[in-house]
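In: Let's see this in three dimensions:
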Amino acid sequence: MARPERTVRRASRLLLALTATALAAVTVLAATAPADAASAPAETTTAPTAPPVTSAPNTAAPSVQAEPTTPLDEVTPEPTLTPSPTPTTVPTPTPVPQPRKFTTKPATVSGTAKVGKTLTATFPSWSPAPTTKKYRWLRDGDSIRNATGSRYTATASDHGHKLSVSITGSRTGYTTATRTQLIGVVVRGDAPKFTARPSVSGTTRNGGVLTTTKGSWNTSGLTARYEWLRNGKVVAGMTSRTYRLGYYDVGATIASRVTVSKAGYANGSVRSVATAKIARATASFSGNGTFKVGSTIKPGTYYSTTRQDQFCYWARLSSARGTLDDIRANDIGSGQRMIQVSSTDKYVELDDCGTWYAATTAGPKLSKIAGDGVYKVGQQVSKGTWKTTAPSGCYWATLSSASGSLDAIIANDYLDRRGSAVVTITNDVVAFSSSGCGTWTRVG
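Out: Below you'll find the predicted structure:
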């Protein structure tokens, strides 16, 4: 007969094994449940309670204590799962329309690319038509200040440079577009035209002074340059508004020529009406012989009209006895001569000198001194440096007066062989004498 306690022990072990198996099954089901199920409230599974075991009455033997039951492993509770957030739906952005492009053409330009002329740019037809139109004028590709209209007048600053015009069109929904049109290189403007010729006024006599006006022109801001013409040919070195007539001008007509200039424009030129023939100055004295000072000849400075093929001799005398002691000063030479008669002179001797005129009527001013003579500084010869390539036998002198005395010589030189000679005429020089030196040219 089996022992009752062994039967009870086996039944208890069987019950414990079944309970452990059931708990393991519940754990596996909970771990594999879908996410949606996890969000629902978890159901509580209660392990089946084993039926109570009734111990058989111990009638035969003393009471037997049941074996202590091994406690079940502690079950770790499952972690609470956090619900996944509901996905947010991002709206699809509305496409931004891209700007469209114009169908363009460059501007059309009318007019001539010339200083002083106006150019006009016309905005052509674009597709579609711009709602805003702008102009910009360019010089060598750079914007010209304040030149933003459809019309532009070329200035002196544009001369020789490339001129262009840019047009810009804009409209809502379209990309702003710019087109540039090259016009060309700007040339000089037309020469100014006179509206009134220059006029010449003054005494038309040897020793007189003529003055010219500028004339009137159709353009402002002009610079004038003057020339004088003797019988239609330019008188060298005469470039001021005034002209002192000399014995070279006697019998000739004189006119002025005015040339005007302005930056960016061609030069304009016009000639005045010529004067009547220039008359001789009132002669002071003439002829050969010995003349008393104070009657025929007055004290003063004079020049002669001696030709290059003549030899003029003059002498200032203290008396008319005809002795060498009577000679206070004298001179001989060809070409124009000069004499300064003093109030202390008694007589003047003249031979083959031609006609004498007051030195104040000498002229004109020379750019070159050709031939022999004694010339008045200031009216005929300019101060400065003069140079010549002279043959042998050249003599020159700078003089403080035309008295003919040795004391009047400031500087002089004589070349006994061919060579160059240089003379500087300073402020204290009154007259310049040259003999056999060829042509002198001012060089400074």
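
In: Could you look up the SS state of the residue sitting nearest the centre point of the chain?
Out: With distances taken as C-alpha atoms, centre = their mean, the residue of the chain nearest its centroid is residue 157 (7.2 Å). With DSSP: H, G, I helix; E, B strand; the rest coil as the basis, residue 157 sits in helix.

In: got the contact list for it?
Out: 139, 264 (C-beta atoms under 8 Å, 6 or more residues apart in numbering). C-beta here means a position set from N, CA and C on the backbone, and glycine is covered the same way.

In: what's the answer for residue 331, then?
Out: Counted by C-beta under 8 Å, 6+ apart, residue 331 has contacts 312-314, 337, 339, 374, 404.

In: which among these gets closest to residue 104?
Out: residue 374 (81.3 Å; C-beta to C-beta).

In: rewinding a little: identify the farthest-apart pair in the contacts of residue 331.
Out: Going by C-beta to C-beta, the pair spanning those furthest: 313 and 374, at 13.2 Å.

In: more neighbours, those two?
Out: Neighbour totals were compared for residue 313 and residue 374, and residue 374 leads with 25 against 15 (other C-beta atoms under 10 Å).

In: I'd say residue 291 and residue 347 touch.
Out: Yes: at 6.6 Å, residue 291 counts as touching residue 347 under the criterion of C-beta atoms under 8 Å.

In: can you pull the pLDDT of residue 66?
Out: In this prediction, residue 66 carries a pLDDT score of 46.

In: you'd agree residue 433 is up against residue 401?
Out: No: using C-beta under 8 Å, residue 433 makes no contact with residue 401, being 11.7 Å away.

In: between those two, which one's more packed in?
Out: Of the pair residue 433 and residue 401, residue 433 is the one with more neighbours under other C-beta under 10 Å, namely 23 against 17.

In: which residues touch that one?
Out: By C-beta under 8 Å, 6+ apart, the neighbours of residue 433 are 333, 373-375, 395-399.

In: hmm, 7 Å instead?
Out: 374, 396-397, 399 (C-beta atoms under 7 Å, 6 or more residues apart in numbering).

In: repeat for residue 432
Out: Residues near residue 432 by C-beta under 7 Å, 6+ apart: 375, 377, 381, 398, 425.

In: Give me the spatial nearest neighbour of the last one, chain neighbours excluded.
Out: So that's residue 425. Spatially, and ignoring its direct neighbours in sequence, residue 425 is nearest to residue 383 (4.9 Å; C-beta to C-beta, 6 or more residues apart in numbering).

In: again with the third one
Out: Spatial nearest neighbour of residue 381, excluding adjacent residues (C-beta to C-beta, 6+ apart): residue 375 at 4.7 Å.

In: what packs against whatever helix or strand the one you found lives in?
Out: For residue 375, the host element (DSSP states H and E) is strand 373-376. Counting by 3 or more C-beta pairs under 7 Å, 6 or more residues apart in numbering; DSSP states H and E, the packing neighbours recorded for strand 373-376 are strand 431-435.

In: which residues are contacting the helix or strand that the strand it packs on is followed by?
Out: As assigned by DSSP H and E, the chain's next helix or strand after strand 431-435 is strand 439-442. If you take C-beta under 7 Å, 6+ apart as the criterion, strand 439-442 is touched by 367-370, 382, 384-388, 434.
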